[in-house]
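> How does the following fold in three dimensions:
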Amino acid sequence: RVVAMEYNLLPGWNASDPEHQRLMQMHLHGNGAARTPTIEENIAQFEAAGFEVKEHFDHANHGYAVYGDEAFPWWGDLQMNWYFQLLPAHPWIRRPLPAILSVLAWAGVVPKDVPRVAELMNEGGDGLSGLGKLNAISPQYYVLAVKPLDAE
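Got it, this is the predicted structure:
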């Protein structure tokens, strides 16, 4: 039995849209990913490995089914917003963070590569949340699969 939360492209993804392409490149580079599969490709990968997929759905956007318009989008804390309780991931905090970390790296408080890591994380967060805002990607596509007992 396997339960996985996968990055998957959603039906809102448009491979020919230049804005989608730009955001995808940011997501892949910043998050250190080679590619992001569609839902169909992901399910096919499980099946090709001998698993029977019992259940799958977009867990990241499931809040809308539960809370309707009251749901806060999963990508919301990475985009500009007025919810100050979300400050750690808020662009007002994370955008200047590489510069702050550069000073700390210069002073020897943090390793020299930490500011670059923060830049990459910002790039990945901006790309991922931008795609999320367009309903083009989910970072938590839930898959429950089992391998039959008679399988090798």
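
> Which element, helix or strand, includes the closest residue to Gln79 other than its chain neighbours?
Using Cβ to Cβ, 6 or more residues apart in numbering and skipping the chain neighbours, the partner closest in space to Gln79 is Ser129 (5.3 Å). (Each C-beta comes from the backbone N, C-alpha and C, glycine too.) Under the criterion of DSSP states H and E, Ser129 resides in helix 114-133.

> Off-centre distance for that helix?
Its chain's average C-alpha position is 10 Å from that of helix 114-133, according to Cα atoms, centre = their mean, to the nearest Å.

> returning to that earlier point: please tell me I have it right and the residue nearest to Gln79 contacts Leu78.
Yes - between Ser129 and Leu78 there is a contact under Cβ atoms under 8 Å: 3.7 Å.

> can you list residues touching both of those two?
When contacts are counted by Cβ atoms under 8 Å, 6 or more residues apart in numbering, the set common to Ser129 and Leu78 is empty.

> In a helix, Pro139, correct?
No - secondary structure of Pro139, determined by DSSP: H, G, I helix; E, B strand; the rest coil: strand, with no helix assignment.

> Report the separation between it and Leu78.
As judged by Cβ to Cβ, to the nearest Å, Pro139 and Leu78 stand 11 Å apart.

> Same question for Asp17.
Relative to Leu78, Asp17 is positioned 20 Å away (Cβ to Cβ).

> the more surrounded of these two?
Leu78 (23 against 14; other Cβ atoms under 10 Å).

> Overlap in contacts, Pro139 and Leu78.
With Cβ under 8 Å, 6+ apart, Pro139 and Leu78 have common neighbours Leu128.

> hey, C-alpha coordinates of the helix holding Ser129 in CSV?
As requested, C-alpha coordinates have been extracted for helix 114-133 and formatted as CSV (Å, rounded to 0.1, in the frame of the first residue of the first chain):
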residue,chain,number,x,y,z
VAL,A,114,22.6,30.2,2.1
PRO,A,115,21.6,33.5,0.3
ARG,A,116,21.5,31.6,-3.1
VAL,A,117,19.3,28.9,-1.6
ALA,A,118,16.9,31.6,-0.4
GLU,A,119,16.9,33.0,-4.0
LEU,A,120,16.1,29.6,-5.4
MET,A,121,13.4,29.0,-2.9
ASN,A,122,11.8,32.4,-3.8
GLU,A,123,11.9,31.5,-7.5
GLY,A,124,10.3,28.1,-6.9
GLY,A,125,7.7,29.6,-4.6
ASP,A,126,6.8,32.3,-7.1
GLY,A,127,6.5,29.9,-9.9
LEU,A,128,4.6,27.3,-8.0
SER,A,129,2.2,29.8,-6.5
GLY,A,130,1.7,31.5,-9.8
LEU,A,131,0.7,28.2,-11.4
GLY,A,132,-1.5,27.5,-8.5
LYS,A,133,-3.3,30.8,-8.9
